[in-house]
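> this is a predicted model, with the sequence first.
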Amino acid sequence: MARAENSDYDLLIIGTGAAGTAAAIRGAELGARVAIAEGAVVGGTCVNVGCIPSKLLLEAAAQFHAARTSFPSLAGEAQAAWQRAQARKRDVIARLRQEKYLDVLAGYEGVTLLRGEAALLGAGRVRVGEAVVGARRVVLATGAAPALPPVPGLAEAGALTSTSAMELKALPASLIVLGAGAVGLELGQAFARFGVRVSVLEVAPRILPGEDPELSNALADALSAEGLELRPGARVTRVERDAAGYRLEVEQGGAEETLHAEQLLVATGRRPNTAGLGLGGAGVEVDARGFVRVDEFMRTSNPRVFAAGDVTGAPQFVYLAAAAGRVAAEAALADLTGAPSAPLDASVVPRVTFTDPQLAAVGLTEAQARAAGHAVQVATLPAAAIPRAAVTGSDRGLIKLVAEAASGRLLGAHLLTANAGDVIGEATLAVRFGLTSADLATTLHPYLTWAEGTKLAAQAFTQDVTKLSCCA
């Protein structure tokens, strides 16, 4: 590898989350001198305050809910169960941070971990802590953080974010959640299963407004049956806080009322972590929301600077961030390595909301497909028609497949079942590689699995599955 400049590093990455760590690994694989800077805790959002802790608490809540349902006398053990879950969460986070980030980075000879806040100084220089280092190329991978909406009184009253909610030392008696997206619903259900009285407010007319309406409405029914109070179409006009907790003025359906709760969790959006990076002075453009603008190769408006992950405003999934980090490293080092770089392919991105039942989806909804000009056919299968549901008792939900009418090519898959997140991979491959509903229907699937539901839903395009025997 010929190096045209005398810099400390070929590639300097700011941020050690999924995007940054993936970029560092790819850079090392390409033989580059790589540095990765971190001013806070190594590992970024997912392992420290996002995916790992939230899903662990969801699992703990599910187990406590199941036990309490069978033995109501356990209801009084909620605080103790919460404390045990918190202790296990801390242990798991520490172990995975060490194994999947610190140990991984240390295992690549060409990667140096730098500690300290970083800022772009121009001309290939970056300040990291008190030091100034030279870098031929820089990748911004600083991620995003929870943001508060502009509700009068909210900034002064303060509120829990997804991060601080998962750190509560004790369960509140009541909780209002602002935002019925994935984060708000997941944490809302978790707290409710620990015995907290939960209300979820959403300004849109339904929960999970980006998902297929049939599935989001079915999930709303399931959550309501579990005791969550869901309030779609609710707009908060003011927030106040006193010694008793929070008081929210709410408009809904033309009426006004006041809601009270001990705690308030805001889960309405995120903002980019760009403060102090020196983007303006470095000529790095941002969009109207402050996210870094990038092209499909993760290039910014500064040819020396690339960006990847949540700081770019892309859909905030850890696996997409990691893929973008690899693309950024390859593109940034292309002139050194001579290796071809490929753009990020974000055309088929699966997503999962880890409620119970889970909602997993990939591709187009029925409405999106029709709006895009497709002539479509739709098959819908109730979860109760999946044999696995009969043996587990988890029969709430449905599977909805959207296919091109003429060819049968799968355009979208939408699953609301137990373990839907474990099943969506098959549909993701089908959408990406242009498989048809017939391909799914004629492929053997193991009996008494949730994956069999995908096959049955595909069969429903041409058959009445209620008239089929087991495995037919």
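Nice, I can see it.

> double-check that residue 176 belongs to a strand.
Yes: counting by DSSP: H, G, I helix; E, B strand; the rest coil, residue 176 is part of a strand.

> for it, which non-adjacent residue is spatially closest?
Spatial nearest neighbour of residue 176, excluding adjacent residues (CB to CB, 6 or more residues apart in numbering): residue 261 at 4.2 Å. The way it works is simple: take the backbone N, C-alpha and C, and place the C-beta from them, glycine included.

> and for that neighbour, the neighbour number?
21 (other CB atoms under 10 Å).

> residue contacts, it?
Counting by CB atoms under 8 Å, 6 or more residues apart in numbering, residue 261 touches 172, 174-176, 197, 199, 245-246, 248.

> check which helix or strand residue 248 maps to.
Assigned by DSSP states H and E, residue 248 belongs to strand 245-252.

> please identify the buried residues of the following helix or strand past that strand?
As assigned by DSSP H and E, the chain's next helix or strand after strand 245-252 is strand 255-261. Neighbour-count burial for strand 255-261, counted by 16 or more other CB atoms under 10 Å, picks out 259, 261.

> give me the mean pLDDT for strand 255-261.
The average pLDDT within strand 255-261 is 97.

> low-confidence regions, the stretch 201-350 of the chain specifically.
In the predicted model, the stretch 201-350 of the chain carries no residue with pLDDT under 70.

> quick one, strands of it?
With DSSP state E, counting those that start in this stretch, the ranges of strands along the stretch 201-350 of the chain come out as 229-232, 234-242, 245-252, 255-261, 263-266, 270-272, 305-307.

> nearest residue to residue 361 other than its sequence neighbours?
residue 414 is the one closest to residue 361 (CB to CB, 6+ apart), at 4.6 Å.

> tally of neighbours for that neighbour?
28.

> so who does it touch?
Contacts of residue 414 were listed using CB under 8 Å, 6+ apart, and they are 211-212, 214-215, 359-361, 365, 399-402.

> so what's residue 128 up against?
35, 37, 114-118.

> who's it bridged to?
Going by DSSP bridges, residue 128 is paired in beta bridges with residue 118, residue 131.

> gap between it and residue 14?
Remark: distance between residue 128 and residue 14 (CB to CB, to the nearest Å) = 8 Å.

> picking up where we left off before, restricted to buried residues, select the contacts of residue 261 in PyMOL.
Entered in PyMOL, the line below selects the buried ones among the contacts of residue 261, by 16+ other CB under 10 Å:
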select buried, resi 172+174+175+176+197+199+245+246+248
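
> ok, so of the contacts of residue 128, who is nearest residue 317?
Nearest to residue 317 among these is residue 37, at 23.6 Å by CB to CB.

> where does that closest one land in three-state SS?
Here residue 37 takes the strand state, with states given by three-state DSSP.

> what's the pLDDT at it?
98.

> so it bridges to which residues?
residue 14, residue 114.

> residue contacts, it?
12-15, 114-116, 118, 126, 128.

> of the residues you listed - the most surrounded one?
Most surrounded of the contacts of residue 37: other CB under 10 Å gives residue 13, at 34 neighbours.

> and the gap between that residue and residue 329?
Distance from residue 13 to residue 329, by CB to CB: 8 Å.

> try residue 253
As judged by CB to CB, residue 253 and residue 329 stand 51 Å apart.

> quick one on the thing from earlier: which strand residues bridge the residue nearest to residue 176?
Residues in beta-bridge contact with residue 261 (DSSP bridges): residue 246.

> before we move on, what about the one 4 residues further on?
The residues listed as beta-bridge partners of residue 265 by DSSP bridges are residue 160, residue 177.

> in CSV, list the C-alpha atoms belonging to the helix or strand where residue 53 lies.
Secondary structure from DSSP H and E places residue 53 in helix 51-70. Extracted C-alpha coordinates of helix 51-70, given in CSV (Å, rounded to 0.1, in the frame of the first residue of the first chain):
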residue,chain,number,x,y,z
CYS,A,51,-30.2,-3.1,22.1
ILE,A,52,-28.6,-5.2,24.7
PRO,A,53,-30.0,-3.6,27.9
SER,A,54,-33.4,-3.0,26.5
LYS,A,55,-33.9,-6.6,25.2
LEU,A,56,-32.5,-8.0,28.5
LEU,A,57,-35.1,-6.0,30.5
LEU,A,58,-37.8,-7.1,28.0
GLU,A,59,-36.8,-10.7,28.6
ALA,A,60,-36.8,-10.3,32.4
ALA,A,61,-40.2,-8.6,32.2
ALA,A,62,-41.6,-11.4,30.1
GLN,A,63,-40.4,-14.0,32.6
PHE,A,64,-41.8,-12.1,35.5
HIS,A,65,-45.1,-11.5,33.8
ALA,A,66,-45.4,-15.2,33.0
ALA,A,67,-44.6,-16.2,36.6
ARG,A,68,-47.0,-13.6,38.0
THR,A,69,-49.8,-14.7,35.7
SER,A,70,-49.5,-18.2,37.0
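
> re earlier: in a markdown table, list the contacts of residue 261 along with distance to residue 20.
Output for the contacts of residue 261, formatted as a markdown table (distance: CB to CB, whole Å):
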| residue | distance to residue 20 |
| --- | --- |
| 172 | 35 |
| 174 | 39 |
| 175 | 33 |
| 176 | 35 |
| 197 | 40 |
| 199 | 37 |
| 245 | 38 |
| 246 | 36 |
| 248 | 38 |
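
> how about the nearest residue to residue 279, chain neighbours excluded?
residue 286 (6.3 Å).

> what number of residues lie near that neighbour?
Per other CB under 10 Å, the neighbour tally for residue 286 reads 19.

> quick one: it and residue 301, what's the gap?
Look at residue 286 and residue 301: by CB to CB, they are 9 Å apart.

> overlap in contacts, these two.
residue 293.

> which of the contacts of residue 414 sits closest to residue 453?
residue 399 (5.2 Å).

> from the contacts of residue 128, which two are the most distant?
35 and 117, at 14.3 Å, using CB to CB across the contacts of residue 128.

> which one's more surrounded, the two?
residue 35 (25 against 15).

> do I have it right that the more buried one meets residue 12?
Yes: taking contacts as CB atoms under 8 Å, residue 35 lies within contact range of residue 12: 4.7 Å.
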